[in-house]
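> requesting a structural model of the entry that follows:
(chains A and B)
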2 protein chains.
Amino acid sequence: MTRTKENSIYRDGLEKCPANYAPLTPIDFLYRSAAVYPDRPAVIDGNRTVTWSQLLGRCKQLASALIQRGCGQEQTVSIIAPNSLAIYEAHFAVPMAGAVLNTINTRLDATTLTYIFEHAETGVLLVDQSLTGVVHEALCGLSDSRRSEMLLVEIDAGLSPDPSRPPLEALDYESLLHEGNREAELPQVEDEWDAISLNYTSGTTGNPKGVVYHHRGAYLNALSNLVGWQMPHHAVYLWTLPMFHCNGWCFPWSLAAIAGTSVCLRTIDAPSIYNAIADQQVTHFCGAPIIMNMLVNANASEKRAFEHSVEMMTAAAPPPASILKAMAKEGFRVTHVYGLTETYGPAVICSWKPEWNALDDAEQASRNSRQGVRYHALAGLDVMDTETMTPVVHNAEEMGETLFRGNIVMKGYLKDPIASEKAFAGGWFHSGDLGVIEPDGYLKLKDRSKDIIISGGENISSIEVEDCLYKHPAVLEAAVVAQPDEYWGETPCAFVGLKATAEVTEQEIIDFCRENLAHFKCPKSVVFGELPKTSTGKIQKFKLREIVLGTRD
Amino acid sequence: MTRTKENSIYRDGLEKCPANYAPLTPIDFLYRSAAVYPDRPAVIDGNRTVTWSQLLGRCKQLASALIQRGCGQEQTVSIIAPNSLAIYEAHFAVPMAGAVLNTINTRLDATTLTYIFEHAETGVLLVDQSLTGVVHEALCGLSDSRRSEMLLVEIDAGLSPDPSRPPLEALDYESLLHEGNREAELPQVEDEWDAISLNYTSGTTGNPKGVVYHHRGAYLNALSNLVGWQMPHHAVYLWTLPMFHCNGWCFPWSLAAIAGTSVCLRTIDAPSIYNAIADQQVTHFCGAPIIMNMLVNANASEKRAFEHSVEMMTAAAPPPASILKAMAKEGFRVTHVYGLTETYGPAVICSWKPEWNALDDAEQASRNSRQGVRYHALAGLDVMDTETMTPVVHNAEEMGETLFRGNIVMKGYLKDPIASEKAFAGGWFHSGDLGVIEPDGYLKLKDRSKDIIISGGENISSIEVEDCLYKHPAVLEAAVVAQPDEYWGETPCAFVGLKATAEVTEQEIIDFCRENLAHFKCPKSVVFGELPKTSTGKIQKFKLREIVLGTRD
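Prediction:
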């Protein structure tokens, strides 16, 4: 008898059952590390160290307390806090209660916070003591019904009283936690597709969108971080990257899988980072390129010597050659990744090839400046003409939109099915980032769709012009936007921040560009000064555009 | 409005779609490595090296050829071959065709092979040239209908003609492969629960049982191998472990995830292994404890010096202290794992703790002799009284049956729902292995249920007596079984293989045991001689039992 899929011998009697199927969830990593490495440090927050077994106990207690307080399945628990024990705990305790974790950018204004609390239908709000001021203001703007349903919890940070931080009428975090019973039966994750977290994108226009993650994606990207970055067991990880940013790129969960240690850092500056590396033997950290600037430009008294090699993962902008070289000299190895809030943080990695070690510094930097290849957990990464959904040729020239597909693409935007459908058109997530594929298959971003400059009908990648500007020895930071031009339509306008003691003229910058770029790509004007940035260190081009257009106050 | 799971905001508009969901399958790792590391060596088989891009091309071709030959979805493709390019390719090409891979133990007899071909309904059979003799015999026993439906394929191994290896009336493997079109559209994995492979257990009684794996489990255990063993990118892996054994413990798929190199080895002996390490820079290998004996007992002319440290993963029996010490001296680090065919190979690992490095050799070996803790992909590991399903106390004393639960437990036994149901009773997979949990949570096996010796009402663990025997300097290998005793019911009978030049009497062995064990646990008699083993190196206790009972020829 010929078998087909319909009468296959591999169907009957081979179904899922509790013995052979368990939903994927990163909560499981906490249980494993608590059982296997109970006494190893899980979190170091200031003078406080919590072991894996203590952490599990505290998370069980907090989950049980949340449930007792009526925080039900799939309700939103928001937290606004710097990197600290509480926000690390929230990554486990909140989903252990069956609720959804909403970490909030600590630099948002009150109006945006009010919007988020209403949109997310926040049932419990955990607030670090340092942030009661803006939260107080945000709560004043809330509807009465939302405010009355919300349980407000303040996390004591040991700060002295300050009028800018009015105490909230809130429950104390440790008191809430101690209401719980660590022996209580907690709900099991029934479906790995259930929401685990909600992250609002820091959109530059309109209201922020709520990006929903599920347990499956969080589990898989946590493992992808480990396999992609080759993280060893018991890595000591310094929290320079905010945990509110795409759930710390899923690293809270990665660290639980390898029983690593999270070293929390409230103040992000060069001395704090060097001290943590030298004193706590930090082996890994992540952060925006600005962190690299901090580290290599720190003066001698701010630096500390360390014997071991330290791995850094960076995103947001390709690391310039000079910075990479300086980082290597200090003992840092830099891995370049790329992703969006919609892709659980890093979903693309510039996988380093052993043969690149033989290249000179500039060549190495040029290889490492590409965004790279898909993460293990990402099923597909491509650059396409989205009109026809045709992939571009791998020639480093043909530009298209960067698309993602797979288990580490978000469930969708909360309460916004139209935006979700648009984002997922044609079976791919549309990033809005323009890129090319180089002949070796590595993605290189060229621009955000809206950042491209069209001059005389030719596309100019603002990133390409910025790359050139960064090569000038006087330039600390640079951003290029379109400037309306009667003849050309648009021309590039450069905004440049200079290094501390550097002096250079507009013409010198333009001349430098003309030596290194096709002339039509060169800025027609240069504006000097510090660049406006978001709370996560991204340069805010929309503000520069407003300056150019004269629409900014 | 209070939200519940039913009217949760996290449901509507957040469904699965092609952009945000992809079934887990280890096939994906091959596509990734071929794209990212096209020119790195994937497989080295004798003088032949195949790169990742070549491997993908060949696998696509083979998959397409299988489909063209009518090998449909979920049909069984059996392969009987030593570790070689073809069997590595089969791990990808067969599931890429939508078929199920059945790797067969190369040491099975013709009668068992016939049984397997009939039971698995083998549609395509790939046979290495070295094994045509036994396969020819097995085919003679097949029903006409099965034989007529089966496509027979011979893999040329470059061997010279030999009457013991009659050529089969078969298609040549390379010819079949070249029938395929590497550009052909292949079926996508639609459901990660679909079968990927079929492994027959080498049961000691009755017919072998067909253990079915799915894509999800294969993917997850492949990653678990990497995270648990901390395997780096581009590891060079020596195939001492047969790939027919639980799909090589899922390592063919692990290696694809890290673009590692598989070095195939047809002859497993000390010189071949040392040569591969020194010449090919092998970094990792797996194998039964017998491989360790081989390596440390090799004479100087068989050994080769190497600079790097080599990781070995071993299972089946806890490595004795003397062997571990000798292995470390040679430059090998040994990781002890445990699992069954039903658990995708390794599912439990004796996770090494940094603090153990400070212990003396005996203490280190004692720590490493435990089976350990659950793999990342295993949801649950416990030891229970299976009458009441009560977990044992973690006191290293209370014995129970070792149970497994999670995504790396098989789909079930093929065409044997009753056996599957029994194996999964109470929501756990029942291993039949008796064990205890030590106070630090590490599992230590005590015995197979059927290997326990009951003397005067007291349980004696045959493993405990064997551990003692292995400590005697003259003992190379040892196994203990129950011997009927009029007074005690049963007493231990020891079978001992001695080292090459060792001499020792039965009484000396018994005295040695009495010095180191409770007297009731000591063997009453000792039989000297080489021990019978299965093709995978497991000592066949059922044969020793037959000798004791006088039922053996």
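> just confirm yes or no for stretch A:374-382 near chain B.
Yes - interface with chain B: stretch A:374-382 contributes A:374, A:376, A:379, A:380 (C-beta under 8 Å from any C-beta of the partner chain). Where C-beta positions appear, they are placed from N, C-alpha and C, glycine not excepted.
> so can I have a markdown table of those residues showing pLDDT?
Output for the residues of stretch A:374-382 next to chain B, formatted as a markdown table (pLDDT from 0 to 100):
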| residue | pLDDT |
| --- | --- |
| A:374 | 98 |
| A:376 | 98 |
| A:379 | 98 |
| A:380 | 98 |
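> out of those residues, who has the most neighbours?
residue A:374 (27 neighbours; other C-beta atoms under 10 Å in any protein chain shown).
> low-confidence stretches in the stretch 451-553 of chain A?
Applying pLDDT under 70 to the stretch 451-553 of chain A flags residues A:535-536, A:551-553.
> and the next helix or strand past the longest helix belonging to chain A?
As assigned by DSSP state H, the longest helix anywhere in chain A is helix A:52-68. Going down the chain from helix A:52-68, the next helix or strand is strand A:76-80, by DSSP states H and E.
> not counting its own residues, what contacts the next helix or strand along the chain from that following strand?
The first helix or strand that comes after strand A:76-80 along the chain, using DSSP H and E, is helix A:85-96. Helix A:85-96 is contacted by residues A:25-27, A:30, A:42-43, A:45, A:48, A:50, A:55, A:58-60, A:62-63, A:66, A:77, A:79, A:81, A:100-101, A:103, A:126, A:128, A:155, A:173, A:186, A:189, A:196-197, A:215, A:243-244, A:247-248, A:252-253, A:256, A:262, A:264 when judged by C-beta atoms under 8 Å, 6 or more residues apart in numbering or on different chains.
> residues in the stretch 351-500 of chain A within reach of chain B, list them.
A:351, A:353-354, A:373-374, A:376, A:379-380, A:404-407, A:409-417, A:420, A:423-424, A:427-429, A:441.
> hang on, the earlier thing: write a PyMOL command that selects only the buried members of the contacts of helix A:85-96.
Burial among the contacts of helix A:85-96 is assessed by 16 or more other C-beta atoms under 10 Å in any protein chain shown; the matching PyMOL selection reads:
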select buried, chain A and resi 25+26+27+30+42+43+45+50+55+58+59+60+62+63+66+77+79+81+100+101+103+126+128+155+173+186+189+196+197+215+243+244+247+248+252+253+256+262+264
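> and residue A:166, which of the three is it?
Of the three states, residue A:166 takes coil under DSSP: H, G, I helix; E, B strand; the rest coil.
> ok, it - contacts?
By C-beta under 8 Å, 6+ apart, the contact set of residue A:166 is A:132, A:133, A:136.
> so which residues of the stretch 101-250 of chain A form strands?
For the stretch 101-250 of chain A, applying DSSP state E, counting those that start in this stretch gives strands covering A:122-128, A:151-155, A:171-172, A:195-200, A:210-214, A:236-239.
> direction included, what does the first one pair up with?
What it means is strand A:122-128. Sheet pairing of strand A:122-128 (DSSP bridges) gives strand A:76-80 (parallel), strand A:151-155 (parallel).
> and the fifth one, by the same measure?
Sheet partners assigned to strand A:210-214 using DSSP bridges are listed as strand A:195-200 (antiparallel), strand A:412-413 (antiparallel).
> re the thing from before, tell me the one of the residues of stretch A:374-382 next to chain B nearest residue A:219?
When these are ranked by distance to residue A:219 (C-beta to C-beta), residue A:376 comes first, at 12.4 Å.
> OK, contacts around that closest one?
Counting by C-beta under 8 Å, 6+ apart, residue A:376 has contacts A:223, A:224, A:227, A:228, B:29, B:32, B:223, B:257.
> returning to that earlier point: got the residues of stretch A:374-382 next to chain B as TSV, with secondary structure columns?
Shown next, in TSV, are the residues of stretch A:374-382 next to chain B (three-state DSSP):
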residue	secondary structure
A:374	strand
A:376	coil
A:379	strand
A:380	strand
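> tell me which residues of stretch A:533-551 come out buried.
Buried residues in stretch A:533-551 (16+ other C-beta under 10 Å): A:536, A:537, A:538, A:539, A:541, A:543, A:544, A:545, A:547, A:548.
> look up how far residue B:372 lies from the closest residue to the second one other than its chain neighbours.
Across the structure, with C-beta to C-beta, 6 or more residues apart in numbering or on different chains as the measure, the residue nearest residue A:537 apart from its sequence neighbours is residue A:288 (3.7 Å). Residue A:288 is 40 Å from residue B:372, where distance means C-beta to C-beta, to the nearest Å.
> re earlier: any idea of the pLDDT on the residue nearest to residue A:537?
Looking at residue A:288, its pLDDT reads 82.
> swap in the one 3 residues further on?
Looking at residue A:291, its pLDDT stands at 88.
> what about it, neighbour count?
By other C-beta under 10 Å, the residues close to residue A:291 number 20.
> and residue A:42, backbone torsions?
Main-chain torsions, residue A:42, degrees, to the nearest 10: phi -100, psi -50.
> tell me if I'm right that it and residue A:48 touch.
No - in this structure residue A:42 lies outside contact range of residue A:48 using C-beta atoms under 8 Å: 11.2 Å.
> the stretch 51-200 of chain A against chain B: which residues are in contact?
Applying C-beta under 8 Å from any C-beta, we find that the stretch 51-200 of chain A lies next to chain B at A:70, A:72-76, A:98, A:100, A:121, A:123, A:149, A:193-195.
> which of those count as buried?
Buried members of these, counted by 16+ other C-beta under 10 Å: A:72-76, A:98, A:100, A:121, A:123, A:149, A:193-195.
> rebuild these as JSON lines, extending it with pLDDT.
JSON lines is the format used below for these (pLDDT from 0 to 100):
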{"residue": "A:72", "pLDDT": "79"}
{"residue": "A:73", "pLDDT": "88"}
{"residue": "A:74", "pLDDT": "92"}
{"residue": "A:75", "pLDDT": "95"}
{"residue": "A:76", "pLDDT": "97"}
{"residue": "A:98", "pLDDT": "96"}
{"residue": "A:100", "pLDDT": "98"}
{"residue": "A:121", "pLDDT": "96"}
{"residue": "A:123", "pLDDT": "96"}
{"residue": "A:149", "pLDDT": "90"}
{"residue": "A:193", "pLDDT": "97"}
{"residue": "A:194", "pLDDT": "97"}
{"residue": "A:195", "pLDDT": "97"}
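> of all the residues of the stretch 51-200 of chain A next to chain B, which two lie farthest apart?
Farthest-apart pair in those is A:149 and A:193; separation 26.7 Å (C-beta to C-beta).
> so which of the strands paired with strand A:122-128 comes closest to residue B:486?
Set against residue B:486 and scored by C-beta to C-beta, the strands paired with strand A:122-128 come closest in strand A:76-80, at 69.2 Å.
> with just CA atoms, put the longest helix of chain A into PDB.
Extracted C-alpha coordinates of helix A:52-68, given in PDB (Å, rounded to 0.1, in the frame of the first residue of the first chain):
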ATOM      1  CA  TRP A  52      19.200  32.400  41.500                       C
ATOM      2  CA  SER A  53      17.400  30.500  44.200                       C
ATOM      3  CA  GLN A  54      16.500  33.800  46.000                       C
ATOM      4  CA  LEU A  55      15.400  35.300  42.700                       C
ATOM      5  CA  LEU A  56      13.100  32.400  42.000                       C
ATOM      6  CA  GLY A  57      11.600  32.700  45.500                       C
ATOM      7  CA  ARG A  58      11.100  36.400  45.100                       C
ATOM      8  CA  CYS A  59       9.500  36.100  41.600                       C
ATOM      9  CA  LYS A  60       7.200  33.400  42.800                       C
ATOM     10  CA  GLN A  61       6.200  35.600  45.700                       C
ATOM     11  CA  LEU A  62       5.600  38.600  43.500                       C
ATOM     12  CA  ALA A  63       3.600  36.600  41.000                       C
ATOM     13  CA  SER A  64       1.500  35.200  43.800                       C
ATOM     14  CA  ALA A  65       1.000  38.700  45.300                       C
ATOM     15  CA  LEU A  66      -0.100  40.100  41.900                       C
ATOM     16  CA  ILE A  67      -2.700  37.300  41.500                       C
ATOM     17  CA  GLN A  68      -4.000  37.900  45.100                       C
END
